[in-house]
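Student: heads up, no residue letters with this:
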């Protein structure tokens, strides 16, 4: 019996194998069918390997997936803490703490941290969002021990030296200035500030000049002790773990965190759920283009409609073949950038359409954008178009699984924010289950003209009646 597992039938050696066995076989069709079946079965086994989830006695969760056919390991420490966990006086402290973890520990200077990873050709980085912070590394599998030692040292033993804080404050002030000078990023941020006005999700991740200049060692230490607790922390690892003994090593390092099972696990420090409220905001800037974000009420992270939302976004503005791109850029040539995306939070979400354009084209672009949104309900999508969007999503997702970083991000975020992990086959099945009725039920829920919001950065006269 001929057996090929995971073969690339486009490579010369595989073609020679097929040619040889074709002459050996009297049933070429049967041979190819057997070859294809074995190839697909091997891929299925790779996709359906389930991550292992372990909860330590202190409440910290460890999630890992072994990918034996790669040579790298991605390792992340995820904390359910972001700008929504702050208040007006501490806005920006989560992001500042993220920076300070790279400024040295009791046994490593900032340069030592950088050198430790550069010496092994590894990567170490971090980011902060409104709802979580992630610190992560990516190294060769035989350097996992070094990555674990360096990142855990940063996480547990950051010094928060006041002189370092003062210097890094200047860096973050420059980051805020850079953000203000990047109109597309600013437009997205302003939209969230507008629709969640005076709410926890309306705060910026970076903070403000007034808040970040007040932080010191005492504030950092108190905030970190209160929020970086085991019940709010997930350790995620993805890659070749065959010889790592990762479970025992992670247990040994992270069991030292004090048990936090008696602490509150409510979402953030906000006592009220965040609710989308339509609003309009404009930031006047003397620049060549106008950057706009149209906002509509979205859905919460992890709800059943999430897969339908991804398909809706793909069809409307999620790529070069989307309706918005084809109409506004390709057909009318009114904008260089036009796309849509959905941002999901714990209890709500925002569906956003972004465009950058010449000020004199603002009215035309808004008119065509709303026309395309309305056309979805008039010129309804067909089953063929729905299937095309599904294939785009499935292909994008499956291809992403070839990266250990994407694997780690997926299992880490899902375990932290949703307390569950779906296999690749589960996700593909849920995408396939979306039908036209589900698509249009969500469409009617999202695109209510009375709920539209807008943020604008640039210099242009604007008539609010255009979106009301």
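Tutor: Looks like it came in fine. Everything numeric in this text was worked out from a predicted model, so none of it was measured.
Student: how about stretch 209-219: buried residues?
Tutor: By 16 or more other CB atoms under 10 Å, the buried positions in stretch 209-219 come out as 211, 212, 215, 219. Using the backbone N, CA and C atoms, a C-beta is placed for each residue, glycine as well.
Student: turn those into TSV, including secondary structure, pLDDT and distance to residue 130.
Tutor: Shown next, in TSV, are those (DSSP: H, G, I helix; E, B strand; the rest coil; pLDDT from 0 to 100; distance: CB to CB, whole Å):
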residue	secondary structure	pLDDT	distance to residue 130
211	helix	97	16
212	helix	97	17
215	coil	97	19
219	helix	97	20
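Student: now those residues in a markdown table, with distance to residue 227?
Tutor: Shown next, in a markdown table, are the buried residues of stretch 209-219 (distance: CB to CB, whole Å):
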| residue | distance to residue 227 |
| --- | --- |
| 211 | 16 |
| 212 | 17 |
| 215 | 14 |
| 219 | 12 |
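Student: what's the separation between residue 80 and residue 100?
Tutor: 19 Å (CB to CB, to the nearest Å).
Student: what does residue 84 give?
Tutor: Taking CB to CB, one finds residue 84 at 20 Å from residue 100.
Student: again with residue 273
Tutor: On the measure of CB to CB, residue 273 and residue 100 end up 31 Å apart.
Student: and these two? which has more neighbours close in?
Tutor: Each of residue 273 and residue 100 has its neighbours counted (other CB atoms under 10 Å); residue 100 has more, 23 against 12.
Student: list the contacts for that one?
Tutor: Residue 100 is in contact with 158, 160, 164, 165, 168, 220, counting by CB atoms under 8 Å, 6 or more residues apart in numbering.
Student: from residue 357, how far off is residue 288?
Tutor: As defined by CB to CB, residue 288 lies at a distance of 10 Å from residue 357.
Student: so those two - more neighbours on which side?
Tutor: More crowded of residue 288 and residue 357, by other CB under 10 Å: residue 357, with 22 against 10.
Student: surely that one meets residue 289?
Tutor: Yes: counting by CB atoms under 8 Å, residue 357 does reach residue 289; the two are 6.2 Å apart.
Student: all helices of the stretch 151-300 of the chain, in order?
Tutor: Counting by DSSP state H, counting those that start in this stretch, one finds helices in the stretch 151-300 of the chain at the ranges 162-180, 183-195, 209-212, 217-227, 246-254.
Student: what of the stretch 301-450 of the chain?
Tutor: 306-317, 323-324, 362-378, 383-400, 404-413, 424-433, 436-446.
Student: okay, now the unreliable bits of the protein?
Tutor: 1-49, 259-272, 463-468 (pLDDT under 70).
Student: tell me the domain ranges of it?
Tutor: 12-47, 52-254, 280-467 (automatic domain parsing).
Student: skipping adjacent residues, who's closest to residue 400 in space?
Tutor: residue 406 (4.1 Å; CB to CB, 6 or more residues apart in numbering).
Student: residue 341: which of the helices of the stretch 151-300 of the chain is closest?
Tutor: helix 183-195 (9.2 Å; CB to CB).
Student: and the angle for that closest one with helix 162-180?
Tutor: 100 degrees (axes from the mean of the first three to the mean of the last three CA atoms, to 10 degrees).
Student: for helix 183-195, packing partners?
Tutor: helix 162-180, strand 280-284, strand 290-297, strand 349-357, strand 453-458 (3 or more CB pairs under 8 Å, 6 or more residues apart in numbering; DSSP states H and E).
Student: let's see 10 Å
Tutor: On a contact count with 3 or more CB pairs under 10 Å, 6 or more residues apart in numbering; DSSP states H and E, helix 183-195 meets helix 162-180, strand 280-284, strand 290-297, strand 335-344, strand 349-357, strand 453-458.
Student: in its sheet, which strands sit next to the fifth one, and in what direction?
Tutor: For strand 349-357, sheet partners with direction are given as strand 290-297 (antiparallel), strand 335-344 (antiparallel), following DSSP bridges.
Student: quick check: buried residues in it?
Tutor: 349, 350, 351, 352, 353, 354, 355, 356, 357.
Student: with the second one instead?
Tutor: Buried residues in strand 280-284, counted by 16+ other CB under 10 Å: 280, 281, 282.
Student: assess the claim that the second one and residue 196 are in contact.
Tutor: No: the pair residue 281 and residue 196 fails to qualify as a contact (CB atoms under 10 Å) at a distance of 11.5 Å.
Student: off-centre distance for stretch 159-178?
Tutor: Remark: stretch 159-178 is offset 26 Å from the chain centroid, using CA atoms, centre = their mean, to the nearest Å.
Student: kind regards, and thank you for your time.
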